[in-house]
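Novice: model this:
(2 chains)
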Amino acid sequence: MYEISRQDEITAILKTVDDPELPSVSVYDLGMVHDVTVQANEVEIKMVPTFAGCPALDFIEIKVKRAVEELDWVHQCHVKFTMEHQWSTDAITEKGKEELKKHGIAPPPENYQPGDEWTVNCPYCNSDYTSMENVFGPTACRSILYCSACKNPFEAMKPVVQPLHLK
Amino acid sequence: MERGEEKMSHVVETAELAKQDATYLQALTELLFQLGDDDLLIAFRGSEWLGLAPHVEEDVAYSSITQNTMGHAVMYYNLLEELGIGKADILAHDRKPQERRNGIYIEKRNGEGNYLDEPYYDWALAVVRNYFYETFKKIKLEAVANSSYKPLANVARKVLMEHPYHLAHWKLWIKQLSNSTEEAKKRIQDRVKEAWEEFEDVLELGKHANDIRSFGLVSIGEEEMKDRWLDEVKSVLADVPEGSLGKKYGNGRNGEHTQDLEQAIQTLAEVYNSDKTAAW
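Specialist: Alright, predicted model coming up:
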């Protein structure tokens, strides 16, 4: 019981650590937390990077470490990025998707198949009358789109999934 | 069944285990330098285009691809660091040209001038080079996705999830320019011809090719990689040059390079060289 509640405490903390590029969306809800191990007063957190070339990874590591070490009982928290498990956009939680929308970023399309073209609804007015302006956006994980219904530019998370033949 | 296939079932899970066999370690190190150095150099040439691409949307796209590709290079250098070969930053900044393993065509200058002063860069070269390279990168990564070295296979699988966006971008460019004005067609065609004479070493695995293959570090050999690459680009190019591929300036996989690599290293390591002991 005691260990489980400590795990829960860590999870609660991770839900408050936001991605530096996406304020209000936590690293937990983005699906970046792979594994949490608690051994007495030591915590080890294995995380998976979203995009490999994301320059925010070092900041995220420091933010997570500091936040967890705020807990009285934690002497030390080790954060490690692992490649053993590959992040995909399917790992984003429902809460994560809602928070992305509030930020003007459409969540990635559901059930995306590798290689398919994709569309998403506008995060502001939910219209499907949208067009892709640039697959590449301000960060590696985002694209730039335009909504012809409410005349707003917006962003969307690019779908990232394992190619079928490697699944 | 090709030679070495039975070895492939022997999966090496960690850097510590890989270090126990000197021949395996050497073959693995060579392969990692090829992967890391190719991505580093193509990303460096891409970074020189920053602010100079034909239009602003392209500038966003190309710099995003470039930044991500640099991130791929970092992962290979990190794997080398885990193997005790050296610190990742030093491997990227502080190796002599003869220690570099990128294909020679990848290091080629973007055009005349430099990015600070009269950058007469050639967009046709950027399109042809990136299309050829990204097509090759997919084939090589798929061969590495089932590598006997598990940490490398994991990285390859990660990169393959992001790479379709890179390849699709350059494939679109080469298709559109090949169906564009006479001038565009000719510029693309001239750069394709040039690449045909220089690209071959990119498709090769260097002097440790046999070990790389027989240890199951890759699941297909260099001949098959070359065939797959030719099939793919021939299905997209409007005009395929006659004759076979060449390596006009030598073989980068064996440490042969041109002045262009020296210029690249000098520029990309300028800040690093100004204070090698600085903490970042």
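Novice: Now do the same contact list for the closest residue to residue A:147 other than its chain neighbours.
Specialist: Among residues not flanking residue A:147 along the chain, residue A:122 sits closest, at 3.8 Å (CB to CB, 6 or more residues apart in numbering or on different chains). Yep, even glycine has a C-beta here, placed from its N, CA and C like the rest. Counting by CB atoms under 8 Å, 6 or more residues apart in numbering or on different chains, residue A:122 makes contact with A:106, A:128-130, A:145, A:147, A:149-150, A:152, A:154.
Novice: With residue A:159 instead?
Specialist: Residue A:159 makes contacts with A:89, A:108-109, A:112, A:118, as judged by CB under 8 Å, 6+ apart.
Novice: Using PyMOL, define a selection of the buried residues within those.
Specialist: Burial among the contacts of residue A:159 is assessed by 16 or more other CB atoms under 10 Å in any protein chain shown; the matching PyMOL selection reads:
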select buried, chain A and resi 89+108+109+112
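Novice: quick one: which of the contacts of residue A:159 is nearest to chain B?
Specialist: residue A:89 (9.6 Å; CB to the nearest CB).
Novice: I'd say that closest one and residue A:158 touch.
Specialist: Yes. Contact between residue A:89 and residue A:158 holds when scored by CB atoms under 8 Å: they sit 7.3 Å apart.
Novice: list the residues that contact both of these two?
Specialist: Common contacts of residue A:89 and residue A:158 (CB under 8 Å, 6+ apart): residue A:108.
Novice: Can you show me the helices along the chain?
Specialist: Defaulting to chain A. Taking DSSP state H as the criterion, chain A contains helices spanning A:2-14, A:57-69, A:94-102.
Novice: The intended chain is chain B.
Specialist: For chain B, helices defined by DSSP H occupy the ranges B:15-18, B:22-47, B:56-82, B:88-93, B:104-107, B:123-144, B:150-178, B:182-196, B:209-214, B:222-236, B:259-268, B:270-274.
Novice: for those, which one ends up most surrounded?
Specialist: Compared across those, helix B:104-107 shows the largest average neighbour count, a mean of 26 (mean count of other CB atoms under 10 Å in any protein chain shown).
Novice: What is it packed up against?
Specialist: Helices and strands touching helix B:104-107, as assessed by 3 or more CB pairs under 8 Å, 6 or more residues apart in numbering or on different chains; DSSP states H and E, comprise helix B:22-47, helix B:123-144, helix B:259-268.
Novice: I'd like those written out as a markdown table, with distance to chain A and mean pLDDT added.
Specialist: Conversion of the helices and strands packed on helix B:104-107 to a markdown table gives the following (distance: least, CB to the nearest CB, whole Å; pLDDT from 0 to 100):
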| stretch | distance to chain A | mean pLDDT |
| --- | --- | --- |
| helix B:22-47 | 9 | 98 |
| helix B:123-144 | 8 | 98 |
| helix B:259-268 | 16 | 96 |
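Novice: any chance of these in CSV, with distance to residue B:190 too?
Specialist: Below are those laid out as CSV (distance: least, CB to CB, whole Å):
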stretch, distance to residue B:190
helix B:22-47, 18
helix B:123-144, 7
helix B:259-268, 18
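Novice: Just list the residues touching the residue nearest in space to the middle of chain A, thanks.
Specialist: Residue closest to the average C-alpha location in chain A (CA atoms, centre = their mean): residue A:30, at 2.1 Å. By CB under 8 Å, 6+ apart, the contact set of residue A:30 is A:19, A:22, A:50, A:91-92, A:96.
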